[in-house]
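**Q** this one's structure only:
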Ligand SMILES: Nc1c(NC[C@H](O)[C@H](O)[C@H](O)CO)[nH]c(=O)[nH]c1=O
Ligand SMILES: CC(=O)[C@@H](O)COP(=O)(O)O
């Protein structure tokens, strides 16, 4: 389904987990800043609407979309966040630079999701025209920032649930004796 057949701002509020205890990092590219500010506003509003306290939202700016990769990496390395949203707007110009920036950012953000434990949400418009970007940052097709914020909440919840499940499994293994930990201070010597 193309964006033109789906409003990016619409979501089922009943499907969104309680986000009040999550912390979010948002890295915003300054290129095409009227668009990226609109995307940020959509993301921020959606997080607040889902009970995320404003003090739990950390914003950093970077020069352009290519720098979103490094900004997100340092954000998740140094800030206690449950998910990171990267916001950018890349618009086709006269040269192939568009292709390289879009591919580079896409691969870089994918790599962060593979190599780290913190979900990084891809809120980067890759448009042919400024009008397409306007339409997707609070215009007729809604706001991709809203979509990204909801995705960030859902992925933070999945990460939390996966961690809890892993802890429970380990406790069962320890309790059953199946999992022996050497020099376990809890181990009772026979
Ligand atoms: N043309 C766009 C850029 N280009 C700049 C790069 O993202 C990068 O900052 C530069 O190559 C230095 O490393 N960035 C955008 O975000 N949007 C564009 O349309
Ligand atoms: C995505 C870009 O870097 C692009 O907008 C720059 O424009 P141009 O290809 O005309 O140099």
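**A** Received it, and whenever you're ready, just let me know what you need. What you see is a predicted model, and the numbers here were worked out from it, not measured in a lab. Ligands and ions are numbered 1, 2, ... in the order given.

**Q** And the residue of this structure that's closest to ligand 2?
**A** Of all residues in the chain, residue 93 sits closest to ligand 2, at 2.2 Å by CB to the nearest ligand atom. (Each C-beta comes from the backbone N, C-alpha and C, glycine too.)

**Q** and that residue, what are its phi and psi?
**A** phi -110, psi -140 (degrees, to the nearest 10).

**Q** Give the burial count for it, as a bare number.
**A** Burial of residue 93 is recorded as 9 neighbouring residues (other CB atoms under 10 Å).

**Q** Doesn't residue 38 belong to a helix?
**A** Yes: Residue 38: assigned to a helix according to DSSP: H, G, I helix; E, B strand; the rest coil.

**Q** can you start the count at 887 instead of 1 from here on
**A** From this message on, residue numbering opens at 887, which makes the last subject residue 924.

**Q** Quickly list what the most centrally placed residue in the chain is bridged to.
**A** Geometric centre of the chain, nearest residue: residue 1007, 2.8 Å, by CA atoms, centre = their mean. Taking DSSP bridges, one obtains residue 971 as the residues bridged to residue 1007.

**Q** hang on, isn't it packed against residue 1042?
**A** No: assessed by CB atoms under 8 Å, residue 1007 is found out of contact with residue 1042, at 9.6 Å.

**Q** where do the contact lists of the two overlap?
**A** Common neighbours of residue 1007 and residue 1042, counting by CB atoms under 8 Å, 6 or more residues apart in numbering, are residue 969.

**Q** now the helices for the protein?
**A** 919-935, 954-964, 983-1001, 1016-1021, 1030-1062 (DSSP state H).

**Q** Mean pLDDT added to those, as JSON lines?
**A** Formatted as JSON lines, the helices of the chain follow (pLDDT from 0 to 100):
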{"stretch": "helix 919-935", "mean pLDDT": "98"}
{"stretch": "helix 954-964", "mean pLDDT": "98"}
{"stretch": "helix 983-1001", "mean pLDDT": "98"}
{"stretch": "helix 1016-1021", "mean pLDDT": "98"}
{"stretch": "helix 1030-1062", "mean pLDDT": "90"}
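
**Q** Tell me the pLDDT of residue 940.
**A** Residue 940 carries a pLDDT value of 98.
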